[in-house]
Structures are given as C-alpha cells and as structure tokens.
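Chemist: Got a sequence here, can you model it:
(one chain, ligands or ions: 2)
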Amino acid sequence: MYVKDRLRRSMMFVPGNNPGMIRDAHIYGADSIMFDLEDSVAYTEKDTARFLVYNALKTLHFGSKETVVRINDLSSGLGIKDLEAVVRAGVQVVRLPKTDSAQDVIDCEREIERIERESGIPVGTTGMMAAIESANGVLHAAEIAHASDRLIGIALGAEDYVTDLKTTRSDGIELLFARCMILNAARSAGIAALDTVYSDVNNEEGFIAEATLIKKLGFDGKSVINPRQIEPLHHVFMPSEKDLNKARAIMDAIAEANARGSGVASLKGKMIDKPVVTRAKRLLDLYEAGSKIDEVEEI
Ligand SMILES: CC(C)(COP(=O)(O)OP(=O)(O)OC[C@H]1O[C@@H](n2cnc3c(N)ncnc32)[C@H](O)[C@@H]1OP(=O)(O)O)[C@@H](O)C(=O)NCCC(=O)NCCSC(=O)C[C@@](O)(CC(=O)O)C(=O)O
Ligand SMILES: [Mg+2]
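Modeler: Ligands and ions are numbered 1, 2, ... in the order given. Next up is the predicted model:
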C-alpha cells in the first residue's frame, strides 16, 4: 500500500535490467527506490528488466524504503505489460513517464484498477506519480496534478524536457518556468513536487547548487541516479541548527501568545502569525522525519 505523504528527499533510479544494482539499491539510504523499465533499459532488454523487477518486488525486503517503478508509457505497447507485472508484484507507486495530459493519468489509473480487481488486490492499493517531460506536459501540469486521487506527486523529467524545448541543460534558467509550473500545480493539488536528475555524477558542487535551488523553490525532493548523490542531497534538505532553534523559538512564542488568548506573538521584534508558525512546524516535522530515517540507516 502506498503512503500519500511521506519523506521523498531522494528517489533513486535503478536500471531494471541490472541485477547487482537492484539487489543493493536499498542499502544506500535513498528515501525511495525507483526501478526503471523505461529509458535506462534498451529495447532488447525490456522483458528481462520487467522479469527482474517483478522478482525483486516479490522477494526482496526494502525496509522503510518506498518502492517505485517507472513503467514505459502506455502507447509504447510495453506499458500495460509493465503494469501487469509490477501491480501484481505489489509495487507501492507507479511512475508514469512523459505525461502530457490528465487523460494519460486517467488511462493509466484505469489499467491499474483493472489489474488490482483481477488479481484480488484491494482497489486503491497502488499509488501513482506522473513525470512531466515536455512543453505540452508543463502547460497541462495543473490538470495532470488533479487527475487522480492516487497521485502522490508530479515530477520534472528535465533531459527529455530540454530536448523538447530545443535547448540543453545549463545553469537551470532553462528549467525555471517548468519547475514553477510543476511546483504550483503540485501544491494546488496537495501533492509532492519532485525535481529531476542531475546527470553529471562527478560534479558534486553543481549537484549541491541544483539541490539548494530546488529546495529554495519549495520542492520536496529530487531524483538521483547514483548513490553518491544521496548524502549531499539529504544534507541540503537537513535544516541548520540556526533554523531549528528559530523554529523552536517560534513555536514557544506562539504557544505563550495562545495561552494569553492572542493569535499573534512577537519574537525579537518580528511578528509571528499563522503562516510563520505553519512554516516553522513544517521545518520541525521534516527534520524529525529525516532524522528518524537517517538514524535507522546509521545503525
Ligand atoms: C550514472 C552511472 C552510469 C554512473 O556509473 P558509475 O560506474 O560511475 O557509478 P559508481 O559511482 O562507480 O558506482 C558505485 C557503486 O554504486 C552502484 N550504483 C551506481 N549507480 C547505481 C544506481 N543507480 N542504483 C544502484 N546502484 C548503483 C554501482 O553498481 C557500484 O556498485 P559496486 O560495483 O558494488 O561498487 C550509474 O550510476 C547509473 O547507471 N545510474 C542509473 C542511470 C539511470 O537510471 N538512468 C535513467 C534515469 S534518468 C532519465 O531517464 C532521464 C529523465 O527521464 C529523468 C527524470 O525523469 O528525471 C529525464 O528525462 O530527465
Ligand atoms: Mg525522461
């Protein structure tokens, strides 16, 4: 069963036709493991990958990790076979690639529901996420985000997106519009906003700069393609001691004000009202959730 709202700082792509990577994927500490049946798998390897991922889901134990499978799109002729395998194997979340419209999500959900019924799995067990990877998809981001109750989030697929825009990836300016559209669409639907991969795994500085930018924009997390990207990403998402202390002081100040019958407090001359408290609480909640998971990883 999927969880709608959980920590998804890092979602690691794992090529579905690589048994070694599949076997070890859960040990690196990513919040979600995203087995790939789509673009990291050559056409001749598609059946092998589906078979391996099916067996991995059935037989391996992933602990607290979320399991996600990126299927091939339904129009490819492979997507339905992928769904048949991974829904029956009990994947938590299906990632639909190259989502251009709400109809793509609705079509995928219909197939998931059929498979759940046919295999005796309670309807609604399988979650979905939609990756937006084209100009058309970005323009339909809000409809996509609202297309199904099963959606846990929407994500950007930047490599395909910049190709569609007839540009290349540079300092991130080329992705700003798509990121803002996706973020706003996700928030309007109350679901997660998830950023794309950073392809140069040896450029840690560039990766951290991108992770810092997407966190500032408001994203919940990011796809990664290599275990070396997980720790720096979690570090970016970890609030500083200063931010934590400030959030705690805000919570104390508002509790004191509430006790006096006031909804507004003052902290070092700054007004503390509802939105400030909501942000402070979110920061503390995310810190707690992240610390719990990372602590378990370290044991
Ligand atoms: C990048 C590289 C070749 C580097 O190789 P390297 O050899 O330099 O790796 P090393 O660091 O030396 O590996 C050290 C140890 O980690 C193990 N290890 C490495 N990676 C692992 C991993 N992912 N999972 C588990 N294990 C892993 C490895 O097996 C080794 O284990 P061991 O031998 O035991 O020591 C490799 O990582 C890799 O193949 N990554 C996955 C690529 C992938 O999935 N692409 C598709 C998704 S993107 C896309 O489709 C675009 C998109 O759609 C995206 C969107 O939608 O956002 C869009 O449009 O933008
Ligand atoms: Mg792609």
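
Chemist: contacts and neighbour counts: CA atoms only from here.
Modeler: OK.

Chemist: could you point out which element follows the host helix or strand of Arg110?
Modeler: If you go by DSSP states H and E, Arg110 is part of helix 102-118. Downstream of helix 102-118, the next assigned helix or strand under DSSP H and E is strand 127-132.

Chemist: list the buried ones in that next one?
Modeler: Buried residues in strand 127-132, counted by 16 or more other CA atoms under 10 Å: 127-132.

Chemist: Show me what the next helix-or-strand element following it is packed against.
Modeler: Sequence-wise, the next helix or strand downstream of strand 127-132 (DSSP H and E) is helix 135-139. If you count contacts as 3 or more CA pairs under 8 Å, 6 or more residues apart in numbering; DSSP states H and E, helix 135-139 packs onto helix 158-165, helix 176-189.

Chemist: out of the ones you listed, nearest to Met34?
Modeler: helix 158-165 (16.6 Å; CA to CA).

Chemist: Helices along the stretch 1-150 of the chain, start to end?
Modeler: 19-24, 46-59, 79-89, 102-118, 135-139, 141-145 (DSSP state H, counting those that start in this stretch).

Chemist: Need the winner for burial among the ones you listed.
Modeler: Neighbour counts (mean count of other CA atoms under 10 Å) averaged over each of those peak at helix 141-145, with a mean of 26.

Chemist: the inter-axis angle of whichever helix or strand comes after that helix versus helix 176-189?
Modeler: Remark: after helix 141-145, the chain's next helix or strand is strand 151-156, criterion DSSP H and E. Angle, strand 151-156 to helix 176-189, by axes from the mean of the first three to the mean of the last three CA atoms, to 10 degrees: 170 degrees.

Chemist: Please see if strand 151-156 touches ligand 2.
Modeler: No. Using CA under 5 Å from the ion, strand 151-156 stays clear of ligand 2, coming no nearer than 8.6 Å.

Chemist: residues in contact with Arg9?
Modeler: 30-31, 220-222, 233-234, 237 (CA atoms under 8 Å, 6 or more residues apart in numbering).

Chemist: let's see it at 10 Å
Modeler: 30-32, 194-195, 211, 215, 219-224, 230, 233-238, 286, 290 (CA atoms under 10 Å, 6 or more residues apart in numbering).

Chemist: List the buried residues of the lengthiest helix in the chain.
Modeler: Longest helix of the chain, by residue count under DSSP state H: helix 274-298. Judged by neighbour count (16+ other CA under 10 Å), helix 274-298 contains these buried residues: 277, 280-281, 283-284, 286-287, 290, 293-294.

Chemist: would you turn those residues into JSON lines with pLDDT?
Modeler: Compiled in JSON lines, those are given as follows (pLDDT from 0 to 100):
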{"residue": "Val277", "pLDDT": "96"}
{"residue": "Ala280", "pLDDT": "96"}
{"residue": "Lys281", "pLDDT": "95"}
{"residue": "Leu283", "pLDDT": "94"}
{"residue": "Leu284", "pLDDT": "94"}
{"residue": "Leu286", "pLDDT": "89"}
{"residue": "Tyr287", "pLDDT": "89"}
{"residue": "Gly290", "pLDDT": "85"}
{"residue": "Ile293", "pLDDT": "74"}
{"residue": "Asp294", "pLDDT": "70"}
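
Chemist: what's the farthest-apart pair in those?
Modeler: Every pair of the buried residues of helix 274-298 checked by CA to CA; the farthest is Val277 and Asp294, at 25.5 Å.

Chemist: and the closest residue to Ser119 other than its chain neighbours, how far is that from ligand 2?
Modeler: Counting by CA to CA, 6 or more residues apart in numbering, Ser119 lies nearest to Arg88, which is 6.7 Å off, once chain neighbours are set aside. Using CA to the ion, to the nearest Å, Arg88 is found at 25 Å from ligand 2.

Chemist: Surely Arg88 touches Glu116?
Modeler: Yes. With contact defined as CA atoms under 10 Å, Arg88 counts as touching Glu116 (7.3 Å).

Chemist: Residue numbers of the stretch 101-250 of the chain in contact with ligand 1?
Modeler: Contact residues (CA under 6 Å from any ligand atom) of the stretch 101-250 of the chain with ligand 1: 156-160, 196-197, 223, 225-227.
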